[in-house]
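Undergrad: I need the structure of the sequence given here:
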Amino acid sequence: MNNSLTPLTALTEARIQDIDSAEILVGIPSYNNADTVGHVVRAVSVGLAKHFPGRRAVLVNSDGGSTDGTPALVARTAVDFQHLFIGDRQSVLHRIITPYHGIPGKGSAFRTIFEIARRLKARACAVVDADLRSISPEWIELLLRPIIEEWYDYVAPYYLRHKYDGTITNSLAYPLTRALYGQRIRQPIGGEFGFSGVLAAHYLDQHVWESEVARFGIDIWMTTEAIASGARVCQSFLGAKIHNPKDPAGDLSAMLMQVMGALFASMEQHESVWSRREGSQPVPLFGFPYEVGVEPVHVNVERMVSHYRQGLTDLEPIWQQILADDTFTQLRDLKGTSGTDCRIPDELWVQVVYDAATAYHKRIMPRDHLLKALTPLYLGRTASFVYATQGLTSTEAEQKIESLCHTFERMKPYLVERWQPPTLQPVSPALLHHATTDAGGDHG
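TA: So this is what the prediction gives:
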């Protein structure tokens, strides 16, 4: 257990003393989000006033050194409640605006939010991204009410997204987490979460704040840690997630490395939990699911395929070390496909992921090299998904993801078998006697 306090600025310490305690805390991590953060602050303010009017609440902006005036915007964004059919607000929404310390990244921002929640003894907390354009006041109710009224510890978001938005979630984070821990949390790296104050304190006590978890690994780590620690988990339907989109072929390699690093590190820590679980079960869903129009996400398939093919050429010796012989042979045999097409079938992709997790566990090579070498494989698989779903609706594409999840679950024995160390040959009794007598000392 790690009881050392997360460092806070003197100004933040003083603000916590002034506020003293809060029932509800909503955190907004930010970095140069001036164009969207005002809308997010207004949605949070209205959500708290409308759904939790009598409860003492605090909004925390944990900022990573924005140069565009984001914290100042958070401080001065006001809400005119007159036209929102909300009666007299019964309590003031306190605000804490603070820089965070530590490794630059979302996880370090969250750590500061968790620490403030602990100091204020908050019972229910939520975090929302600062770049959201689709957040509504109802999100605040849906993230907090299951904790306040139903005694859940962790609320994951359930969004409807375009079939090519969230490719790391669809091909890796969701199917792998589901197969490992047996809980069908559809958006384990969603970005918006609700959690109890007790769980926030548990997060703070883990020795992860100098790792990938301090960056983009935080979301998947929070979800995994909640399930593995036995917390009560649920989901809330939030409708569409519209935020500043990312092209999978463009800027996702750092994020992919951090998410995979956090996933694989959690596998090591929680082997006793996942190695015994079979199949998966649905997770309770709050809210009213409805059809929603989602913004199209444009992906550059040619670029993904070219990254993958370049990987096949440049990284062959590294892939041979990471992957089982059979997995590598199948990948190499795909190279014969004509044109720029690239199809990595479900079974082969599952083998790649399970082989990579095993190689990470067995420290086949420096871990950052291993994670970096997987990016072209991930892009190849994402291109395969795009080719397979081009003519499908998002609902039909969801069936493909469901099928991939079943494959991850069905092939889990492959992972368990590869993960274990090789069986040791039995030692002869004579040799054993010789070894123990040579060792000397007390064998009690």
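Undergrad: the helix or strand that contains residue 176 - contacts with which helices or strands?
TA: Per DSSP states H and E, residue 176 falls inside helix 174-181. Counting contacts by 3 or more CB pairs under 8 Å, 6 or more residues apart in numbering; DSSP states H and E, helix 174-181 is packed against helix 218-228, helix 253-269, helix 271-274, helix 394-410. All C-beta spots, glycine's among them, are computed from the backbone N, C-alpha and C.
Undergrad: just the mean pLDDT for the next helix or strand after it, thanks.
TA: Downstream of helix 174-181, the first helix or strand assigned by DSSP H and E is strand 183-184. Throughout strand 183-184, pLDDT has a mean value of 98.
Undergrad: same thing with stretch 260-275?
TA: Computed over stretch 260-275, the average pLDDT equals 96.
Undergrad: quick one, strands of the stretch 251-400 of the chain?
TA: 281-282, 285-286 (DSSP state E, counting those that start in this stretch).
Undergrad: these: which one's closest to residue 366?
TA: Nearest to residue 366 among the strands of the stretch 251-400 of the chain is strand 281-282; the distance by CB to CB comes to 37.2 Å.
Undergrad: quick check: mean pLDDT of the closest one?
TA: On average, strand 281-282 scores 98.
Undergrad: same question, stretch 234-247
TA: Stretch 234-247 comes out at a mean pLDDT of 81.
Undergrad: then stretch 68-76?
TA: 97.
Undergrad: any stretches of the protein with poor pLDDT?
TA: 1-4, 87-91, 244-251, 335-341, 422-444 (pLDDT under 70).
Undergrad: got the domain ranges for it?
TA: Annotated domains of the chain cover 18-286, 301-419 [automatic domain parsing].
Undergrad: would you mind finding the most buried of the ones you listed?
TA: domain 18-286 (a mean of 20; mean count of other CB atoms under 10 Å).
Undergrad: off-centre distance for it?
TA: 10 Å (CA atoms, centre = their mean, to the nearest Å).
Undergrad: can you check stretch 391-403 too?
TA: On CA atoms, centre = their mean, the centre of stretch 391-403 falls 22 Å from that of its chain.
Undergrad: contacts for it, please.
TA: 160, 161, 162, 163, 170, 174, 175, 294, 346, 385, 388, 389 (CB atoms under 8 Å, 6 or more residues apart in numbering).
Undergrad: can you tell me which residues contact the third one?
TA: Think residue 162. Neighbours of residue 162 in contact, by CB under 8 Å, 6+ apart: 294, 295, 296, 297, 394.
Undergrad: how far away is it from residue 55?
TA: Distance of residue 162 to residue 55, given as CB to CB, to the nearest Å: 35 Å.
Undergrad: including distance to residue 192, could the contacts of residue 162 go into CSV?
TA: CSV is the format used below for the contacts of residue 162 (distance: CB to CB, whole Å):
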residue, distance to residue 192
294, 16
295, 17
296, 22
297, 19
394, 20
